[in-house]
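**Q** just a sequence and a predicted model for now, questions to come.
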Amino acid sequence: MRSQAFRYVLCFSLLEILLLVLLVWNMHAGSVEFAPGEVVGTLLSGPESGIIWGIRLPRVLAAAILGGALSVSGFLLQTFFSNPIAGPFVLGISSGAKLTVSLVMIVLLSRGVVISSMALIIAAFAGSMASMGFILLLSRRVKQMSMLVVSGVMIGYICSAITDFVVTFADDSNIVNLHNWSLGSFSGTSWDSVGLMAWVVGLSLLFTFLLSKPIGAYQMGEVYAQNMGVNIKRFRVELILLSSVLSACVTAFAGPISFVGIAAPHLIKSLFRTAKPIVIIPACFLGGAAFCLFCDLIARTAFAPRDMSISSVTAVFGAPIVICLMASPRSGRGEGAL
């Protein structure tokens with residue numbers, strides 16, 4: 001027990017140090033570089049209208065918050081389906097959110113209506129729930145989890161095709177806005193958006209953490225969970241709602257981001273060598289935040305001053321992890337909640 005507790009403390013400390021380094025590094029690097037000491041000094045001196053406070057810090061915070069949210073959402077979906085490669089992007093949930101947000105943006109922008117961030121979150125949540133509902137219907141008929149994942153990929157293609165079809169009838173200005181968002185990017189994040197996403201994600205994480213004990217029981221099997229007093233129907237609804245809210249928030253603010261929801265939870269479980277929800281949930285948030293910060297750093301600086309799509313970078317680093325998961329003989333087994 002002592003060695004395990006020491007490992008948890010060590011791993012959390014490493015994640016926090018890595019996150020801090022990436023935060024400073026993201027604000028240091030770019031087309032205009034700042035010395036690390038200058039970055040720290042600017043942050044300590046208080047808010048100002050410069051590049052660090054006005055542009056880079058909101059983007060860095062958005063990448064950390066949304067990356068962590070996507071990782072926790074992936075963990076919840078993997079727990080729900082008992083499948084290590086289940087995630088918002090792979091199951092088509094992000095694509096459903098992308099479709100509804102695209103429709104809302106095109107309809108309202110064409111009429112000159114200003115869209116609030118909360119409206120985008122609600123639209124993305126509706127799309128996420130629609131895709132999740134379709135996946136749940138398929139899960140009753142499809143016995144093999146691999147076929148369910150393939151079905152999710154097909155849902156993603158269908159939603160993307162409908163989105164492309166709708167875009168062809170949009171105004172040129174709307175297409176530009178939608179195209180930049182649909183590629184996945186943290187660019188242009190405002191402080192108002194950071195405040196709203198922090199509130200939504202923070203509240204969702206709190207409820208998720210409060211479900212740590214039922215999640216741990218559910219990992220041991222439905223029968224065990226029922227014997228421990230878990231209301232399975234209500235618990236499943238709670239998992240679906242929380243994972244959908246988290247993934248919808250990410251899609252609303254940054255567009256669809258691939259593979260973070262699969263890769264980050266797997267890396268965290270491998271690092272901590274446990275699947276205990278009370279440990280993995282906060283660790284997943286930190287790991288997802290670090291993963292997205294690292295990928296956003298590459299997306300922003302690799303071909304500066306041009307920004308790459310964040311989803312392209314996460315795919316480069318996340319896809320090999322998914323391939324390893326699928327090739328691993330233990331891919332169907334979790335570490336358990338012990």
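**A** Yep, that arrived. Numbers count the residues shown, from 1 in each chain.

**Q** what's the helix or strand hosting residue 68 packed up against?
**A** Secondary structure assigned from DSSP states H and E places residue 68 in helix 57-81. The contact analysis (3 or more CB pairs under 8 Å, 6 or more residues apart in numbering; DSSP states H and E) places helix 57-81 against helix 2-28, helix 191-210, helix 212-219, helix 232-254, helix 260-272, helix 277-301. All C-beta spots, glycine's among them, are computed from the backbone N, C-alpha and C.

**Q** mind checking which of those is nearest residue 109?
**A** Taking CB to CB, helix 232-254 is the member of these nearest to residue 109, at 14.9 Å.

**Q** phi first, then psi, for residue 211.
**A** Main-chain torsions, residue 211, degrees, to the nearest 10: phi -90, psi 10.

**Q** tell me the confidence at it?
**A** The model reports residue 211 with a pLDDT of 93.

**Q** quick check: nearest residue in space to it, chain neighbours excluded?
**A** Distance criterion CB to CB, 6 or more residues apart in numbering; nearest residue to residue 211, sequence neighbours excluded, is residue 238 at 6.3 Å.

**Q** before we move on, what about residue 287?
**A** residue 268 (4.4 Å).

**Q** how about that neighbour, what does it touch?
**A** 71, 280, 283-284, 287 (CB atoms under 8 Å, 6 or more residues apart in numbering).

**Q** tell me, how many residues neighbour residue 54?
**A** By the criterion of other CB atoms under 10 Å, residue 54 has 13 neighbours.

**Q** can you list the residues that contact stretch 122-134?
**A** With CB under 8 Å, 6+ apart as the test, stretch 122-134 has contacts from 88, 91-101, 103-104, 155, 159, 240, 243-245, 247-249, 251-252.

**Q** quick check: ChimeraX command selecting the buried ones in those residues.
**A** The buried residues among these can be selected in ChimeraX (16 or more other CB atoms under 10 Å) with this line:
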select :88,91,92,93,94,95,96,97,98,99,100,101,104,155,159,240,243,244,245,247,248,249,251,252
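
**Q** residue contacts, the residue nearest the centre of the chain?
**A** When CA atoms, centre = their mean is applied to the chain, the residue found nearest the centroid is residue 70 (1.5 Å). For residue 70, the contacting residues are 88, 246-247, 250, 257, 260-261, 264, 288, 292, by CB under 8 Å, 6+ apart.

**Q** what is the burial count for residue 211?
**A** Quick note: residue 211 (other CB under 10 Å) scores 19 neighbours.
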